[in-house]
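Participant: build me a structure from this.
(4 chains)
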Protein chains: 4
Amino acid sequence: MISTFVIEKRCLVWIEQIEDKSLKSGGIGESSLETYFLLALVKEKRARGAILKEVKEPELASNHVLAKVRATSICGTDVHIYEWNNWAASLAKPPKIMGHEFAAEVVDVGDNVAHLKKGDLISGETHIYCGYCHQCRLANFHLCQNVKLRGVDMDGCFAEYVLVSENTAWKNDPSISPFVASAQEPLGNAVHCVFAGDVTGNSVVIFGCGPIGLCAIELCKSAGASEVFAVDVSEYRLDLALKMGADQVIDGRTTDVVSTISSSLPDGADVVLEMSGAPIALDQALKVARRAGRVTLLGLPSDRVTIDVSNDLILKGLNVQGIFGRKIFSTWDLASRLLKGRQVDLNKIITHKLKMEEFERAFDLMAEGRCGKIVLTF
Amino acid sequence: MISTFVIEKRCLVWIEQIEDKSLKSGGIGESSLETYFLLALVKEKRARGAILKEVKEPELASNHVLAKVRATSICGTDVHIYEWNNWAASLAKPPKIMGHEFAAEVVDVGDNVAHLKKGDLISGETHIYCGYCHQCRLANFHLCQNVKLRGVDMDGCFAEYVLVSENTAWKNDPSISPFVASAQEPLGNAVHCVFAGDVTGNSVVIFGCGPIGLCAIELCKSAGASEVFAVDVSEYRLDLALKMGADQVIDGRTTDVVSTISSSLPDGADVVLEMSGAPIALDQALKVARRAGRVTLLGLPSDRVTIDVSNDLILKGLNVQGIFGRKIFSTWDLASRLLKGRQVDLNKIITHKLKMEEFERAFDLMAEGRCGKIVLTF
Amino acid sequence: MISTFVIEKRCLVWIEQIEDKSLKSGGIGESSLETYFLLALVKEKRARGAILKEVKEPELASNHVLAKVRATSICGTDVHIYEWNNWAASLAKPPKIMGHEFAAEVVDVGDNVAHLKKGDLISGETHIYCGYCHQCRLANFHLCQNVKLRGVDMDGCFAEYVLVSENTAWKNDPSISPFVASAQEPLGNAVHCVFAGDVTGNSVVIFGCGPIGLCAIELCKSAGASEVFAVDVSEYRLDLALKMGADQVIDGRTTDVVSTISSSLPDGADVVLEMSGAPIALDQALKVARRAGRVTLLGLPSDRVTIDVSNDLILKGLNVQGIFGRKIFSTWDLASRLLKGRQVDLNKIITHKLKMEEFERAFDLMAEGRCGKIVLTF
Amino acid sequence: MISTFVIEKRCLVWIEQIEDKSLKSGGIGESSLETYFLLALVKEKRARGAILKEVKEPELASNHVLAKVRATSICGTDVHIYEWNNWAASLAKPPKIMGHEFAAEVVDVGDNVAHLKKGDLISGETHIYCGYCHQCRLANFHLCQNVKLRGVDMDGCFAEYVLVSENTAWKNDPSISPFVASAQEPLGNAVHCVFAGDVTGNSVVIFGCGPIGLCAIELCKSAGASEVFAVDVSEYRLDLALKMGADQVIDGRTTDVVSTISSSLPDGADVVLEMSGAPIALDQALKVARRAGRVTLLGLPSDRVTIDVSNDLILKGLNVQGIFGRKIFSTWDLASRLLKGRQVDLNKIITHKLKMEEFERAFDLMAEGRCGKIVLTF
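Facilitator: Model (predicted):
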């Protein structure tokens, strides 16, 4: 483990430099021959784990800002990369600084940046879109055909400083705490799913009570859903689901999910959100939906799944939506308003606030599922 | 078996009452006073086949009309019932007169019928909806939770006369021939699918070139689709697909469907219509769709199917629609306009016009797939 | 004025008869030579006013139910007819029993009625649709081209008993009080308007704080609107608006509406609901809407209005929706769920519960605007 | 008038420089003390007219391309600016090179440009959006709150060369001629309007047969509209409307528009496109629309207009859409496909191809309305 003292000192120097306004558009190195280092959690090898180490400071590009990370949170994707499962192995490109969920303060601004300034509090979209492929031309930036992922294809935000292009930065309302702002990106997934159709006065079933599912529960209740059923296989998460406002929680290990929901909703559920990625949940999701209902899929099964397309989808006239990421930036806009209006309180899902040095414990907690959102700080 | 004499007598009286023997065009009694028959093709036993026999005339109910069948066509459902496969066995309730696609002329009108009169040319919706279940209350009559099927749960239209409730009757434009009007109900399936989203300027892939798929090809071309690809495994049907205007036809037995389409449409297809019910087609349908594309499912797989939900649906942000029947009656309204405006010409898909006595040949042709639509007359 | 005592007695007899099941399809008089009378508020002459009088009991038709009115409420339309302004004079057809908002209990059931039974608590749709015109074929029953209005084209519900066709009846949940159920029809107008687009996380401006506007305020808040501004010119109503949960109320007489809202919402309002019918409100509605915003119009100006179509509508890319009535019955379904889920509490807008004999006071209160909803009982 | 010879020579030199790759990011002058001049039509004074003169070459910015104009066409906005009416006076900021519709070939590429290269054929969006205002965040770039207009707020394309930022450039398919590509931007307005809702099988009424209205006619026919009615007050334009495929043309000066259309469409028109800006046309547009119909407004009335909101909009349950510009870039994408698929042929609406020196004649023709689209070349 790197000595904390050394790091702190170097950073101190570096921050002083900023305050000294020695950093203009040209970046840190401009007025000095010295090279500065930042602390960052790096996925270095194609194997389990990651290392907290010093890295060279990023070079400020003309359409980017450099921002000091105030809080950063762990996503399921990070866990996959940390654990190095097959999916991660096919996707990740070590060595890279991990992480994509963050709240940070702008400390330096590139030449071509027009809408951000020092002191602005920002988060950033994970999906770095090209702006010119067919999907981007259709304004489906979140489905960019050349998308790059922060923390996967480029250095991420598990670092003291992060470089963010202006067109992927989202300016946070100063009233929102860094902890909450950091968890805003997964909130965006929930917002994207929940509001992909009507909710008010509708019965909703949510499969999967991870952070996104938990956000979805509160969003549905805030939007006036008539009933919200939450399904999971972890008591810990079902308890959180109740705290988020679920009207009924169902433990899929001990309960017949379909018959339980059907007895409460004989006409079927208006809206079903599949946020677990479990094949059986997808099957159940289709079965509990009412005719002409909406089934919104976010959870990614790790393998092919088998469904009764005829009876559970076609004959019921269902609408099945695959949801990826967040609409850039209309989902961010809506999520911000809901945060500001206190219609969703992310503090309820932030179960752990840890120091970056405790990253091993954090990833263990995530792997065990005994947590909501974990936020890391330096 | 009912006594012929009795039937003759009743019919005689009945026809006199209606029109004073002024019924032309092949009505009862035209040839002779001694040989009146209400002929109908009846599914009598829970086994393969059907029988053409005399039946009692239907009793006119207050909110129904009695209509003389001018033409009636065979649907895939009829073939299932005729062949008596497992699906039919679980659905059909013999003895019943078969058939649900027809064009007929109103000859008698119930007391409470206000909007139909003698001489009106009608077809009828197959899905007899209750009007009061949750789906009917949402105006999703085609998804009625208590739906009954003409020709399955009640007597159908493979008969000289058919009884039609006013609220399931559709008045045809007199300019449309009975042959065409009879095939209007499957056209409705195609219209429902094709126009469940944008088409104009869009690239479309259609899996399955049965009558519904063939209608869909012409509808897409008439609506200004940029390209229409048609996929089937029968040369006969692919030839018909070309005649309907497909820009490219693909034989799924000899061609790699996904790579062929992808090479023409590198961004993927805007719209995919799955009308075959083949599991492999569903898999390919998801794969050829572009990100944020539309996949509309009508074909009913006979068993569960396995798909790559993560890569082919969720990560692509697809919209998958299950389609059943026709919207009652907005789909009929649109189909009628398109027929009247000659934007679709059903004569192209009517490959056989047979007499009802030839029903065995008709069902054999259907089973072999060597036909488009077969229309029957008495 | 008719003696209350006599009426009560006659009704008592009549109800006993019903319980005795002496009423079949033929109506009250069938088993007796006596004629029974009901008390009803009748618009008798083409002049201001109405008269409370005895009328003959309605004859039960085969697809109707007879229902005892538990509560009935006054709509603005009733006031127009009572006051007999030009609009009413062009519309109403005296003599007719007035009224169309009610909650009633089914006491007799026509022969063809299948889904209602004695004891059911019902309300009824005001717009009696034909079911067969072009709009009805499109399932736009509320826009029926042959629509008839209860209480205008046919006898209404300001009576002890009301005749309701099965296809215009709405079965109420027994947990909802007759007072609330009676006011459900105007709630339906509000539901139709509010949920004609997105609301959650949106800023909303509502012009007009009559009963419909007041319902809309609470609906928007329950659905998670970010801010709700209410505009009116009556202090009484603005007070009610605050009670319904408006975040800010604006008195149009003393405040510059547009600049006040614009200073709070510099990007403009996401949603604007015009429920006043005042020409100036329509003008302001367009001005306060954000670009690409939604402006939903329900209030009916009594004359032509002048607007800046170029700057306030086209250049802003607005979506302007005319809303009439309620979707039959999807709006009723949604309204019922919201009532049952206590997301809207109509007790807050019911400011007066009066006896039918007090109808003059009721109409005076309505004309003065010093009330929310007034409910009448016998 | 400037000598053509001199200009040609200078340009020749200049182009040679480009070919010599002596142009980097700094522009022409960088490697030379000489200043080069281009020919351009400049709005120089706040009065009627414009002047064709030599101007300094534009300086290439890092995210821009310099493109040689192959064809440029005149929009109604240009005519307003040329004529200098009140609207133009409030909007335009002379001196500026006029024009915004063009087809051009990229001859130089800024440092940060990634998706365009020399030789690419481009057109450009007129609305230069900021990318960061609320509307841009909602992906409504065409409604940008800080929008700048090419040819109004910045130099336009009535010049031999035009500077285009990469994010407003649209790459044309090489199969499309410069004349057609130049008129693509107004086509975009038509595409935006026509496909703002359903068209196939729908009856459409189009008010205003200028270039946009003419495009709309052909688009509607290509998309399978059941009937297209075109209304104008110029015989010249009504003739063009017939050539574009209108089923019926109506001269508003001599015909009762509303009753003529109503007699053909007793239920009303499904879709009405108002593209004239005439107040009376707006009034008629609302009246001929069917209940629940769509009325799409593009034409900008020069003053406030008076409409019957109650009867013509609210009671009919209309949907009125204000349309501005084109969706960036989904409208461009759709327009390009339709052009490429020959579903719309802009050659039919290009009535004049003139040299830039003939600009006075061109503006006179435009003012008189005796033309379709006029394309200018150097």
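Participant: what sits against residue A:376?
Facilitator: A:71-74, A:158, A:353-356, A:358-359, A:362 (C-beta atoms under 8 Å, 6 or more residues apart in numbering or on different chains). For every residue, glycine as well, the C-beta is placed using N, CA and C.
Participant: so is stretch A:223-230 next to chain B?
Facilitator: No - contact of stretch A:223-230 with chain B (C-beta under 8 Å from any C-beta of the partner chain) is absent, the minimum separation being 13.3 Å.
Participant: rounded mean pLDDT for that stretch, please.
Facilitator: Throughout stretch A:223-230, pLDDT has a mean value of 98.
Participant: and it, C-alpha only, in PDB?
Facilitator: The C-alpha atoms that make up stretch A:223-230 are tabulated as PDB, following Å, rounded to 0.1, in the frame of the first residue of the first chain:
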ATOM      1  CA  ALA A 223     -45.100   9.500  -9.000                       C
ATOM      2  CA  GLY A 224     -48.300   8.200  -7.500                       C
ATOM      3  CA  ALA A 225     -48.100   4.500  -8.500                       C
ATOM      4  CA  SER A 226     -51.200   2.800  -7.000                       C
ATOM      5  CA  GLU A 227     -49.200  -0.200  -5.700                       C
ATOM      6  CA  VAL A 228     -45.500  -1.100  -5.800                       C
ATOM      7  CA  PHE A 229     -44.500  -4.800  -5.400                       C
ATOM      8  CA  ALA A 230     -40.700  -5.400  -4.900                       C
END
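Participant: follow-up on the earlier one: now which of the contacts of residue A:376 would you call buried?
Facilitator: A:71-74, A:158, A:356, A:358-359, A:362 (16 or more other C-beta atoms under 10 Å in any protein chain shown).
Participant: as a markdown table, those residues with secondary structure, distance to residue A:133 and pLDDT would be great.
Facilitator: Below are these laid out as a markdown table (DSSP: H, G, I helix; E, B strand; the rest coil; distance: C-beta to C-beta, whole Å; pLDDT from 0 to 100):
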| residue | secondary structure | distance to residue A:133 | pLDDT |
| --- | --- | --- | --- |
| A:71 | strand | 32 | 98 |
| A:72 | strand | 29 | 98 |
| A:73 | strand | 29 | 97 |
| A:74 | coil | 30 | 97 |
| A:158 | coil | 28 | 98 |
| A:356 | helix | 35 | 98 |
| A:358 | helix | 40 | 98 |
| A:359 | helix | 35 | 98 |
| A:362 | helix | 35 | 98 |
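Participant: ok, which of the contacts of residue A:376 also contact chain B?
Facilitator: Okay, of these, nothing touches chain B (C-beta under 8 Å from any C-beta).
Participant: which residues does the residue nearest the centre of chain A contact?
Facilitator: Geometric centre of chain A, nearest residue: residue A:186, 3.1 Å, by C-alpha atoms, centre = their mean. Residue A:186 makes contacts with A:73, A:75, A:101, A:211-212, A:215, A:373, as judged by C-beta under 8 Å, 6+ apart.
Participant: strands - which of the residues you listed land there?
Facilitator: A:73, A:101, A:373 (DSSP state E).
Participant: with distance to residue D:311 as extra columns, can I get the residues you listed in CSV?
Facilitator: Compiled in CSV, the ones in strands among the contacts of residue A:186 are given as follows (distance: C-beta to C-beta, whole Å):
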residue, distance to residue D:311
A:73, 56
A:101, 54
A:373, 55
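Participant: from those, which is closest to residue B:235?
Facilitator: Residue B:235 lies nearest to residue A:101 out of these, by C-beta to C-beta, at 55.1 Å.
Participant: tell me the contacts of that closest one?
Facilitator: Going by C-beta under 8 Å, 6+ apart, the list of residues near residue A:101 reads A:72-75, A:123, A:126, A:157, A:182-186.
Participant: between those residues, which has the least confident prediction?
Facilitator: Pick the lowest pLDDT in the contacts of residue A:101 and you get residue A:185, at 80.
Participant: list just the nearest of the buried ones among the contacts of residue A:376 to residue D:253.
Facilitator: Of the buried ones among the contacts of residue A:376, the one sitting nearest to residue D:253 (C-beta to C-beta) turns out to be residue A:73, at 67.9 Å.
Participant: OK, contacts around that closest one?
Facilitator: A:101-102, A:182-183, A:186, A:350, A:373-376.
Participant: let me know the closest of the residues you listed to residue A:228.
Facilitator: Distances from residue A:228 to the contacts of residue A:73, taken by C-beta to C-beta, are shortest for residue A:186, at 18.3 Å.
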